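Chemist: Got a predicted model here, sequence first, then my questions.
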Amino acid sequence: MVALSRRSSESTRRWPRPGPRKVSPLWRAMTFVDRGFVRLVGRVEVTGSIPAELRNQPMLIAANHIGVFDPFVLTCALREAGVNPRFLLAGGLLDAPVIGWGLRQGGSIRVDRRSANVAEAFGRVTVALRETPGPVLVYPEGRISLTPGLWPEKGKSGAARIALAADVPVLTISQWGAHEAVCWGTEVVTSWRDLVPSVVSFFRAVVNRPTFRVHFGPLVDLSDLSADKPGDAMRAHKRIMQAITDNLVRLRADQLDRPRFHDPTRPTTSRSPWWPRA
């Protein structure tokens with residue numbers, strides 16, 4: 001069991017402890033269906049755990065982003081770890097007709113990146129994270145990795161800033177294999193032909209049944225960092241990304257250079273500063 005850091009202990013004393021989270025029955029049903037759906041596509045291997053005392057408390061969970069299918073895999077893994085997941089998402093996703101409605105049922109938190117008042121929007125997210133029970137999942141990279149080796153991108157310090165401002169614990173998830181379920185596809189869909197690669201790759205995965213590996217890491221120690229100190233947000237971001245990468249190495253030890261699975265539709269437009277060079 002992972003011991004709570006000094007920061008998370010202080011947070012418990014400073015802010016009122018929320019009561020048990022009330023999860024929508026519909027969201028519970030959706031995550032149950034998701035679990036069966038993911039296991040239909042491939043094999044799920046979950047290692048590590050979420051400390052029991054944190055499962056109903058405010059916490060940020062940071063994960064690497066490797067494909068369009070990995071939110072389904074992470075939802076499945078979190079449910080098996082005893083957590084009904086919530087997401088920290090851009091407002092556009094939550095406004096989508098079907099997907100957004102489902103995510104709102106789960107209590108996902110909106111991030112308005114283009115808000116006219118960025119400080120006010122940041123404050124709302126911080127309060128929502130701190131005062132509502134249950135972990136919230138976020139992708140610090142902000143998008144699917146487009147690095148040649150599919151190692152995490154540089155990312156931005158937004159998630160770290162939110163964690164420091166809300167004074168909540170941060171736990172990491174490292175994952176591998178979900179990129180084999182559905183191809184990256186295309187950024188803009190103009191006709192049904194644009195969906196063909198993704199659909200074909202999905203049915204190929206159902207036949208081949210790739211392994212989806214998910215590892216819950218320990219809490220990231222941010223106890224010496226502060227939201228008010230210049231540079232601490234970037235220091236926190238580096239610690240979070242390094243923790244994700246260190247555990248990712250173990251999941252893909254036989255594919256440290258390039259993924260064995262080649263996705264011809266995924267562009268490579270950036271390099272990873274976290275790539276564990278030999």
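Modeler: Now that the structure is in, tell me what you want to look at.
Chemist: Does anything pack onto the longest helix anywhere in the chain? Which helices or strands?
Modeler: Longest among the helix segments of the chain by residue count, using DSSP state H, is helix 232-251. Secondary-structure packing of helix 232-251 (3 or more CB pairs under 8 Å, 6 or more residues apart in numbering; DSSP states H and E): strand 59-63, helix 158-166, strand 170-176, strand 211-219. For glycine as for every other residue, the C-beta is placed from the backbone atoms N, C-alpha and C.
Chemist: and if we set it to 10 Å?
Modeler: Packing partners of helix 232-251 (3 or more CB pairs under 10 Å, 6 or more residues apart in numbering; DSSP states H and E): strand 43-47, strand 59-63, helix 158-166, strand 170-176, strand 211-219.
Chemist: the inter-axis angle of the third one versus strand 59-63?
Modeler: Same thing as helix 158-166. 170 degrees (axes from the mean of the first three to the mean of the last three CA atoms, to 10 degrees).
Chemist: Now do helix 158-166: distance to the chain's middle.
Modeler: 15 Å (CA atoms, centre = their mean, to the nearest Å).
Chemist: And for the second one?
Modeler: Here the centre of mass of C-alpha atoms in strand 59-63, compared against the chain's by CA atoms, centre = their mean, lies 6 Å away.
Chemist: so it versus strand 211-219, what angle?
Modeler: Going by the same axes, to 10 degrees, strand 59-63 makes 140 degrees with strand 211-219.
Chemist: The next helix or strand after strand 59-63: which residues count as buried?
Modeler: On the C-terminal side of strand 59-63, the closest following helix or strand by DSSP states H and E is helix 70-80. Across helix 70-80, burial judged by 16 or more other CB atoms under 10 Å covers 70, 71, 72, 73, 74, 75, 76, 77, 78, 79.
Chemist: so what does helix 70-80 touch, helix or strand wise?
Modeler: helix 25-41, strand 43-47, strand 59-63, strand 86-90, strand 135-138, strand 170-176, strand 211-219.
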